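>>> pasted the sequence and its predicted model underneath.
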Number of protein chains: 2
Amino acid sequence: MTTSGTALVFAGNTLDSPYAKTAHGLIRGSERFQVKGILDFSGSTTDAGVRLDGQARGITMVDSIQSFLKIHPEGVDYFVIGIASAGGKLERAWFPLIEEAISNGMSVVNGLHEFVSDMPKFKDLAEKHNCTLIDVRKPKPRLQQHFWEGKVDRISSKKIAVLGTDCAVGKRTTARMLMQEMVKQGGKAEMIYTGQTGWMQGFKYGFIFDSTLNDFVSGELEQAMWECFEQEKPEFMFLEGQASLRNPSGPCGVEFLISGKSDGVILVHPAGRTHFKGWEHLNRPLPTPEDEIRLIEGFGVPVLGLALNTKGITLEEAKSLQGKYEAQLRIPVCLPLEEGVSKLIKALR
Amino acid sequence: MTTSGTALVFAGNTLDSPYAKTAHGLIRGSERFQVKGILDFSGSTTDAGVRLDGQARGITMVDSIQSFLKIHPEGVDYFVIGIASAGGKLERAWFPLIEEAISNGMSVVNGLHEFVSDMPKFKDLAEKHNCTLIDVRKPKPRLQQHFWEGKVDRISSKKIAVLGTDCAVGKRTTARMLMQEMVKQGGKAEMIYTGQTGWMQGFKYGFIFDSTLNDFVSGELEQAMWECFEQEKPEFMFLEGQASLRNPSGPCGVEFLISGKSDGVILVHPAGRTHFKGWEHLNRPLPTPEDEIRLIEGFGVPVLGLALNTKGITLEEAKSLQGKYEAQLRIPVCLPLEEGVSKLIKALR
């Protein structure tokens, strides 16, 4: 982990948007970046942790780089773009901010599909200010990538895929909580990251699924799992899922079940949604947990527990759904952000 | 279609290998290349069409470029690497052949993951001999690629995905036969190619699935289908599948069912195989057609017919399996290479 230090994280127009999910992950915790501030334009000046989930974390919210530097005149090492924009493009409106960050000595970390290090004006400015430009999604040279070769069959850790019925439901957060809870209870557990936020949070083993050439996805997954197994020999390995099996804009999941040879699945479901996120205008209703479990188990991998994302519903509604799903599905159902994941850990053990 | 002309196709050690499947496709027919010869090292001098399936096509088999030029002193425009090597690498043993081809004025067409145009020695030689180096799998710049946007919902053609229970079973060949038979019977049909061979065969609409960044696969598929629909308004659109739903080294298929919104599936099954091709040493038995149909239909898309690849079994065995599967599955089952696909066309109409 060569990239690490203090960071100011840019959350776009508002930290409350699900598009700021990279920022959310960094507020929840990162071993790579010590987050000092969140920049958004909501005008909020509360602690970003309080704003996110009620827990203070000493992270300042600011609406400009200048306001941040007034509070933290020592500056930070990194300016992290903490947004997953539609289309993965760097919005032109952010360019002045990126320039201002570099001019104040911050290196830039970008997880979008459009790369800051390809843009001459940022390159020149970064050179002048002795900063680096890190594009997390820049693919590895193809001959450094791995094809699947079947060594996953020799990984004796219990491999648990954390899948979702949709994008942006908390798969990474749930996987991270499962890993942490398992460790807290004295077990040996690791998480395999598969997105840019996982890398930013400082996980050691993983790859960036969506910016990998299709032919190498299964092999890069297997390689990350293999390195983790060789180095750590964990009892449990949690695989961070991507998108969902039937997400129309990019179905994912079979890779974890088949190429990653999962022993079981924890499914995350956004109880407040009726349609695939971002596609509410199309006739594509979100599958029910029951139907998604049927489909997943059709691949021969059992679903061992359900985690509910409660965004958009009350705690009372969530509790009622929890009871309903437990009775209907006969697996443990938990509300990770409200009550932790110990119920799921019990089911996995 | 700017690249087209006469071609000598390199089939590796032997044309009989399934790894020579690009060569097989080009022998079966290409609107892009007029294939004049097949280069392999088997010593065979029969017509390559006869060698492949018993039908003469006037394609010379040779074991060296010099032998080819003795028969065709006028030379050819292109030297096509007609092999899908394990790992997608250009074998060093082929380098002298590639140099000899360029020195004889042939432009090189390469569908592997390692690119001839990245190698200085070929670049210099090609420049000297006024030849071009075409790497079919070289990805498009990322900002020229498309994200999925849902316009597939407005494509009124009947969209038929041709999937397989494994790799290298004849999905492209079956899709091409279905398209041709439909046209022969007076219908309007197109095929969407998804591999390098489809491009080499001259299909107009498609993309190369396995060398597309994962995030863009669904969008590039949708865009190819959309361009085809806008330009041709076909009644039927056949989608060339890739790999198979449970192929461990790279599961594919959901993209066609969900993002491509298939109306139905034709499934191709290699009746002579017991394990996934290339993974016979692992405990990964090939699914039965019945089980694969169950899984596909779990995504809500009906399987309308089964095509059997008869490699490794006798015609008698194939006919017996055909009867068995028709009784068991209650869908039409055909042997495309032996009896054509008109039975499937009837089912689709």
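Looks like it came in fine. Residues are numbered from 1 along each chain as shown, chains lettered A, B, ... in the order given.
>>> could you check how far A:E74 is from A:A101?
Note on A:E74: its distance to A:A101, by C-beta to C-beta, to the nearest Å, is 15 Å. C-beta coordinates here come from the backbone N, C-alpha and C atoms, glycine included.
>>> so these two - more neighbours on which side?
A:A101 (28 against 7; other C-beta atoms under 10 Å in any protein chain shown).
>>> any idea which element that one lies in?
Assessed by DSSP states H and E, A:A101 sits inside helix A:95-103.
>>> so what touches that helix?
Residues from elsewhere that reach helix A:95-103 (C-beta atoms under 8 Å, 6 or more residues apart in numbering or on different chains): A:8, A:10, A:39, A:65, A:79, A:81, A:108, A:116, A:121-122, A:125-126, A:129, A:131.
>>> ranges for the helices of the stretch 201-349 of chain A?
Taking DSSP state H, counting those that start in this stretch to define them, one finds helices in the stretch 201-349 of chain A at A:217-232, A:254, A:289-297, A:315-329, A:336-339, A:342-348.
>>> nope, the stretch 51-200 of chain A is what I was after
With helices called from DSSP H, counting those that start in this stretch, the stretch 51-200 of chain A shows them at A:65-71, A:95-103, A:120-128, A:171-184, A:196-200.
>>> so which of those is the most surrounded?
helix A:196-200 (a mean of 26; mean count of other C-beta atoms under 10 Å in any protein chain shown).
>>> and that helix, anywhere near chain B?
No. Using C-beta under 8 Å from any C-beta of the partner chain, helix A:196-200 stays clear of chain B, coming no nearer than 11.3 Å.
>>> starting at the chain centroid, how far to that helix?
Relative to its parent chain, helix A:196-200 has a centroid offset of 6 Å by C-alpha atoms, centre = their mean, to the nearest Å.
>>> tell me what that helix is packed against?
helix A:21-28 (3 or more C-beta pairs under 8 Å, 6 or more residues apart in numbering or on different chains; DSSP states H and E).
>>> for B:A224, state which of the contacts of helix A:95-103 is nearest.
Each of the contacts of helix A:95-103 was scored against B:A224 by C-beta to C-beta, and A:V116 proved nearest at 30.3 Å.
>>> so which residues on the stretch 1-150 of chain A come close to chain B?
Going by C-beta under 8 Å from any C-beta, the residues of the stretch 1-150 of chain A near chain B are A:87-89, A:113-114, A:139, A:142-143, A:147-150.
>>> looking at those residues, spot the one nearest chain B.
A:W148 (4.1 Å; C-beta to the nearest C-beta).
>>> ok, that closest one - how many residues close by?
Neighbours around A:W148, by other C-beta under 10 Å: 25.
>>> do the same with A:P289
A:P289 - counted by other C-beta under 10 Å - has 23 other residues nearby.
>>> that one contacts A:K324, correct?
No. Contact criterion C-beta atoms under 8 Å: A:P289 and A:K324 do not qualify, at 10.2 Å.
>>> what's the PyMOL line that selects buried ones from the residues of the stretch 1-150 of chain A next to chain B?
Buried residues among the residues of the stretch 1-150 of chain A next to chain B (16 or more other C-beta atoms under 10 Å in any protein chain shown), as a PyMOL selection:
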select buried, chain A and resi 88+113+114+139+142+147+148+149+150
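>>> just flag the most distant two among the residues of the stretch 1-150 of chain A next to chain B.
Greatest spacing in the residues of the stretch 1-150 of chain A next to chain B, by C-beta to C-beta: A:K89 and A:G150 (37.7 Å).
>>> hmm, B:E149 and A:L282 touching each other?
No. At 9.6 Å, A:L282 does not count as touching B:E149 under the criterion of C-beta under 8 Å.
>>> leaving out the residues flanking it, which one is nearest to A:G164?
Excluding the flanking residues, the one nearest A:G164 by C-beta to C-beta, 6 or more residues apart in numbering or on different chains is A:V268, at 4.3 Å.
>>> and A:D47, by the same measure?
Of all residues not flanking A:D47 in the chain, A:A56 sits nearest, at 4.7 Å (C-beta to C-beta, 6+ apart).
>>> please apply the same query to A:Q201.
A:S30 (4.4 Å).
>>> quick one: residues contacting the one you found.
Going by C-beta under 8 Å, 6+ apart, A:S30 touches A:200-202.
>>> same check, this time on A:L15
A:L15 makes contact with A:23-24, A:38, A:40, A:42, A:44, A:48, A:51-52, A:61 under the criterion C-beta under 8 Å, 6+ apart.
>>> pretty sure it is in a helix, no?
No. With DSSP: H, G, I helix; E, B strand; the rest coil as the criterion, A:L15 is coil rather than part of a helix.
>>> doesn't A:F238 make contact with A:E190?
Yes. With contact defined as C-beta under 8 Å, A:E190 and A:F238 form a contacting pair (7.2 Å).
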